[in-house]
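**Student:** Predicted model and sequence follow; I will ask about them next.
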Amino acid sequence: MNKASIPNTIEIAGQSAVISYVPELNAFRGRFLGLTGYCDFVSDSIQGLHKEGEISLREYLDDCRSANITPFTSQEKVKTFTLRYPESFGERLSQAAAEQETSVNSFIIETLNERMKHA
């Protein structure tokens, strides 16, 4: 797996964001987590990500306020369980999550959620 495709997170103005490198843009793209809507930002440097992220988040919050929309997802109690899987599955799982620019945990939750919609 290409290390550049593994998403990382940073905190900007108290909000977590997933960061990935986009070769086509020769830049980094950030996407805020825990919001009810989509809010992203782009820069060619880490310092620029912080600046652009603060601007994007501020604009997103202003838009939510003016449209009377709740900007943050509600915090639900988190449950945990142990999942046993073959070692080879772990590598494929990590790659699939990276391709979706999300964490392995989020990828599993989103996949289970989609599957349960059809159950």
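**Tutor:** Received, thanks. Note that the coordinates shown come from a computational prediction; the quantities given were computed from them, not determined experimentally. Numbers count the residues shown, from 1 in each chain.

**Student:** Only C-alpha atoms from now on, for both contacts and neighbour counts.
**Tutor:** OK.

**Student:** and Gln15, bridged to which residues?
**Tutor:** Beta-bridge partners for Gln15, by DSSP bridges, are Ile12.

**Student:** What is the burial count for it?
**Tutor:** 14 (other C-alpha atoms under 10 Å).

**Student:** wait, isn't it in contact with Gly30?
**Tutor:** No. The criterion here is C-alpha atoms under 8 Å, and Gln15 misses it with Gly30 at 11.5 Å.

**Student:** My guess is Ser56 contacts Cys39. True?
**Tutor:** Yes. With contact defined as C-alpha under 8 Å, Ser56 counts as touching Cys39 (6.7 Å).

**Student:** And the helices in the chain?
**Tutor:** 46-66, 87-99, 104-117 (DSSP state H).

**Student:** Tell me which residues are up against the last one.
**Tutor:** It stands for helix 104-117. With C-alpha atoms under 8 Å, 6 or more residues apart in numbering as the contact definition, helix 104-117 has outside contacts at Leu93, Ser94, Ala96, Ala97, Ala98, Gln100.
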